[in-house]
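[1] Show me the folded form of this:
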Amino acid sequence: MADEMPRADEVRNLTPDEVARGLKEGSMLLVDVREPNETAVERYPGAVIVPLSAFDPAAIPEPRGKQVVFACRSGRRSITASVAAQDAGYPYSAHLAGGIIAWKEAGLPTES
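    Modelled structure (predicted):
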């Protein structure tokens with residue numbers, strides 16, 4: 001993915017299992033940057049929704065010591081969101097590699 005997306009090397013790839021574990025432990029805040037029409041159909045359990053089309057990192061709730069992790073459908077928009085947040089001065093440099101596609105392939109639950 002790093003060779004396909006500009007600045008992708010500035011974003012840390014996390015696996016679905018790493019993110020699921022972080023959510024369970026309460027050490028991560030998952031931020032879904034997909035659009036409302038997508039999240040209305042299927043969502044990550046417990047994720048905060050901040051659509052990329054109107055992305056403002058200030059709209060992300062205070063993580064209170066948790067690592068902010070961006071997620072989308074396939075992992076492209078989450079890289080874009082992470083880079084945009086970093087450019088705005090936020091230390092948010094992680095994303096769910098493979099997005100909800102990889103999440104479901106790993107057998108992890110979604111909400112609808």
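
[2] ok, and the closest non-adjacent residue to the most centrally placed residue in the chain?
    Computing the C-alpha centroid of the chain and ranking residues by CA atoms, centre = their mean puts F70 first, at 1.7 Å. Residue nearest to F70 in three dimensions, not counting chain neighbours: S78, with 3.8 Å by CB to CB, 6 or more residues apart in numbering. To be clear about C-beta, it is placed using only N, CA and C from the backbone, and glycine gets the same treatment.

[3] So which bits of the longest helix seen in the chain are buried?
    Ranked by number of residues, the top helix in the chain under DSSP state H is helix 76-87. Residues of helix 76-87 classed as buried: R76, R77, S78, I79, T80, A81, S82, V83, A84, A85, Q86 (neighbour count, 16 or more other CB atoms under 10 Å).

[4] can you redo the residues you listed as TSV with pLDDT and distance to V31?
    Converted to TSV, these look like this (pLDDT from 0 to 100; distance: CB to CB, whole Å):
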residue	pLDDT	distance to V31
R76	96	15
R77	97	11
S78	98	8
I79	97	13
T80	97	12
A81	97	7
S82	97	9
V83	97	14
A84	97	12
A85	97	9
Q86	97	13
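
[5] okay, these in TSV with distance to G98 next?
    Converted to TSV, those look like this (distance: CB to CB, whole Å):
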residue	distance to G98
R76	10
R77	12
S78	10
I79	11
T80	15
A81	15
S82	15
V83	18
A84	20
A85	20
Q86	21
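
[6] among those, which two are most distant?
    Using CB to CB, those span at most 16.2 Å, a distance reached by R76 and Q86.

[7] that older thread, what helix or strand is the residue nearest to the centre of the chain on?
    Here F70, judged by DSSP states H and E, is contained in strand 67-71.

[8] mind listing the helices for the protein?
    Using DSSP H, helices in the chain cover 16-25, 36-39, 76-87, 99-105.
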